[in-house]
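> Provided below are the primary sequence and the corresponding predicted coordinates.
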Amino acid sequence: MLIKKIKMGYCPVCKKKTTFMSFDSWLRESYKCVICRSKPRQRAMIKVLDEILPDWRNRKIYECSPDWGKGRRYALRDCHSYVYSYFYEDKDLGAIIYDSCTNQNLEKLTYEDESFDVVITQDVFEHINEPFQAFKEIARVLKPGGGHFFTVPIDKPLKKTIPRIKMENGFRKAILPEIYHGNPIDKEKGSLVTYDWGNDICELIEECSGMSTSIIEFDKYTNCEENARLGLEAYSLYVLVSRKW
């Protein structure tokens with residue numbers, strides 16, 4: 001395999017001098033730190049958390065469907081209170097899977113109101129059947145002043161978000177050709193893409209949840225020296241922050 005990109009720098013996740021390396025031209029998922037194996041979107045997430053909420057490690061955090069691999073213990077090992085979840089359709093909601101991991105559906109979380117300071121999701125909202133209900137649920141479980149920090153692919157030329165499915169009597173029906181992305185708990189089947197998010201995403205979130213959303217766009221600065229040093233060179237590299245005021 002040929003190396004597509006390699007550069008020395010500093011990783012925001014493991015906080016070490018490192019080398020970033022990719023064997024694929026789609027850097028967003030393949031340009032990894034050789035120490036902690038973090039991806040650009042994961043490094044971007046930690047950079048935004050460090051800048052916006054410097055004491056986030058001391059906050060109460062819930063993360064849905066993490067895909068950190070080895071990087072997760074580097075990024076979250078110092079957190080004061082951290083829980084996470086995956087969604088298994090054949091398990092009871094709220095059931096403990098292992099450690100601090102429970103079975104959760106973002107559309108109907110089992111957590112109490114105002115339970116968390118921070119909710120983190122990474123590349124989850126393009127796979128949810130009813131994402132607007134999920135945004136409402138996240139607003140419900142966030143404490144006042146809390147924030148939802150998340151990544152999601154956004155099609156910037158797309159003015160309006162397009163659903164790829166519709167729900168009928170509780171069942172999902174595809175209305176556009178099916179596309180699947182990787183799934184940390186089902187690597188063979190993957191996850192169906194349910195929504196193509198467009199430039200109206202911030203307005204849609206506010207309409208359904210009341211949270212105001214901002215987008216930090218790293219791909220605007222792919223030639224930025226600081227981003228290059230931190231391994232943040234990739235297209236479609238955004239971190240969104242929705243705040244509950």
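Looks like it came in fine.
> Give me the below-cutoff pLDDT ranges for the chain.
Counting by pLDDT under 70, the chain has low-confidence residues at 68-78, 185, 221-222.
> for it, what spans make up the helices?
In the chain, the helices defined using DSSP state H lie at 27-30, 40-52, 71-76, 131-141, 201-209, 225-229.
> ok, the nearest residue in space to residue 235 that is not next to it in sequence to residue 156 distance?
Nearest-residue entry for residue 235: residue 219, 4.9 Å, with adjacent residues in sequence omitted and distances by CB to CB, 6 or more residues apart in numbering. Placement of C-beta: from N, CA and C, glycine included. Taking CB to CB, to the nearest Å as the measure, residue 219 falls 9 Å from residue 156.
> The two - which one has more neighbours?
Applying other CB atoms under 10 Å to residue 219 and residue 156 shows that residue 219 carries more neighbours, namely 19 against 13.
> who's in contact with the more buried one?
Counting by CB atoms under 8 Å, 6 or more residues apart in numbering, residue 219 touches 234-238.
> what's the answer for residue 181, then?
Under the criterion of CB under 8 Å, 6+ apart, the neighbours of residue 181 are 123, 126-127, 190-191, 193.
> and the longest strand along the chain with helix 201-209, angle?
Across the chain, the strand with the greatest residue count (assigned by DSSP state E) is strand 142-151. If you take axes from the mean of the first three to the mean of the last three CA atoms, to 10 degrees, strand 142-151 sits at 150 degrees to helix 201-209.
> Please enumerate residues in contact with strand 142-151?
Everything outside strand 142-151 that qualifies as a contact, by CB under 8 Å, 6+ apart, is 41, 44-45, 48-49, 52-53, 60, 114-125, 135, 138-139, 211, 238-245.
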